[in-house]
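Student: Starting from these lines, generate the structure:
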Amino acid sequence: MNVLKKHKKTLLKFAALLTLSAVAPLQAAEDRSGTNPINFTNDFRLYNEYRGLSSSGEDSQNVTTMEFRTPFADGKWQFRTRMYANKLDVDSKGVNEFGFGDLDFRLLTVPVLDMSKKFAVATGLEVFTPTASDDALGNDAWTLGPQVFFVKFLPFNGAFDLIAPGYQYRVSIDEDGPENKVGAHALDLFLLKTLNNKRQWIMINPQGFIDDENDIEFGNIDIEIGSMLGKDHGGQSVYARPSFAFGADRPYDLSMEVGYKFVW
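Tutor: The predicted structure follows:
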């Protein structure tokens, strides 16, 4: 059961930490693909990720996320919040739980934006609250996650729209017992390529994860393919995002996320 708890919490931390993606270069105001948080549009997202937690197929996790973003302070800041419905089936350990995961929210701003050099810096603070409906579905700790990422537009002679390395450190400031203490690092290297006048996109996102508290290290590569809906899409789009994990400590091998976005 300790092994299960160790990897279950790592999965939840990992999913929450990987928030540095979905960055895109400054685009025209009419771009409503939702790939550009620097524009700070209003944004509603609904997506589901399925993870196979064992090669036998007995253990799995299914997380449905509802996300909302909105700008404030004359568009200089963005507020984002996420709610999770989490189904955890670990038959090999006799664990079957369904309920709500921890609620989190983030404040994000862009203190550096130099389009003459095609460069930007974004910083943010994410807060994770111990609101899960069951201990198996969350972490009993108030946790802060400061983050920073750097964006270089049109790298490699314009072969990509951007390349964006990023880093987030997540640390608990109040936890219910030492087993819930959080101290973890997430590293991102994000590349974006848009097609057909930005109506479709391909995102490649290698990521690394280091959990100091549980002595766990692993990585994964996400590949997202997305498209606007129809000619008169009204700010609606869909995407698919398979993920491939690697490393001896990886808690899963493959996962698949599919999602819907509405931007206005």
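
Student: Spell out the residue ranges of the strands in the stretch 101-250 of the chain.
Tutor: Taking DSSP state E, counting those that start in this stretch as the criterion, the stretch 101-250 of the chain contains strands spanning 104-114, 119-128, 141-153, 162-175, 183-195, 200-211, 216-228, 236-246.

Student: Take these and lay them out in a markdown table including distance to Trp264.
Tutor: No exception for glycine: its C-beta is placed from N, CA and C like everyone else's. Output for the strands of the stretch 101-250 of the chain, formatted as a markdown table (distance: least, CB to CB, whole Å):
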| stretch | distance to Trp264 |
| --- | --- |
| strand 104-114 | 19 |
| strand 119-128 | 22 |
| strand 141-153 | 24 |
| strand 162-175 | 24 |
| strand 183-195 | 20 |
| strand 200-211 | 19 |
| strand 216-228 | 14 |
| strand 236-246 | 10 |
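
Student: Out of the ones you listed, which is closest to Asn96?
Tutor: With CB to CB, the closest approach to Asn96 among the strands of the stretch 101-250 of the chain belongs to strand 236-246: 22.8 Å.

Student: how close does Asp215 get to Gly145?
Tutor: Distance, Asp215 to Gly145, using CB to CB, to the nearest Å: 20 Å.

Student: Pick out whichever of these two has more residues nearby.
Tutor: Gly145 (22 against 9; other CB atoms under 10 Å).

Student: Just grab the bridge partners of that one for me.
Tutor: Gly145 forms beta bridges with Glu126, as assigned by DSSP bridges.

Student: again, but for Ile216
Tutor: Beta-bridge partners of Ile216, as defined by DSSP bridges: Asp211.

Student: now do Gly183
Tutor: Val171.

Student: Next secondary structure element downstream of the helix-or-strand element of the chain with minimal mean pLDDT?
Tutor: When the helices and strands of the chain are scored by mean pLDDT, DSSP states H and E, helix 2-17 comes last with a mean of 52. Counting by DSSP states H and E, the next helix or strand C-terminal to helix 2-17 is strand 43-52.

Student: Parallel or antiparallel, list what pairs with that following strand.
Tutor: strand 59-72 (antiparallel), strand 254-263 (antiparallel).

Student: mean confidence score for stretch 138-155?
Tutor: Model confidence over stretch 138-155, given as mean pLDDT, is 93.

Student: swap in stretch 218-238?
Tutor: 90.

Student: Can you tell me how far the residue lying farthest from the centre of the chain is from Thr109?
Tutor: In the chain, the residue that sits farthest from the middle, by CA atoms, centre = their mean, is Ser116; the gap is 29.2 Å. From Ser116 over to Thr109 the distance is 20 Å, taken as CB to CB.

Student: Same check on Gly208?
Tutor: On the measure of CB to CB, Gly208 and Thr109 end up 25 Å apart.

Student: Contact partners for the nearest residue to Gln168 once chain neighbours are set aside?
Tutor: Spatial nearest neighbour of Gln168, excluding adjacent residues (CB to CB, 6 or more residues apart in numbering): Gln147 at 3.8 Å. Contacts for Gln147 were tallied using CB atoms under 8 Å, 6 or more residues apart in numbering; they are 19-20, 123-126, 166-169.

Student: Same list (these) but as CSV, adding pLDDT, distance to Asp59 and neighbour count.
Tutor: Below are the contacts of Gln147 laid out as CSV (pLDDT from 0 to 100; distance: CB to CB, whole Å; neighbours: other CB atoms under 10 Å):
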residue, pLDDT, distance to Asp59, neighbour count
Thr19, 44, 25, 22
Leu20, 48, 28, 23
Thr123, 97, 37, 14
Gly124, 97, 33, 21
Leu125, 98, 34, 14
Glu126, 97, 28, 21
Gly166, 94, 30, 22
Tyr167, 97, 30, 15
Gln168, 97, 27, 22
Tyr169, 97, 29, 16
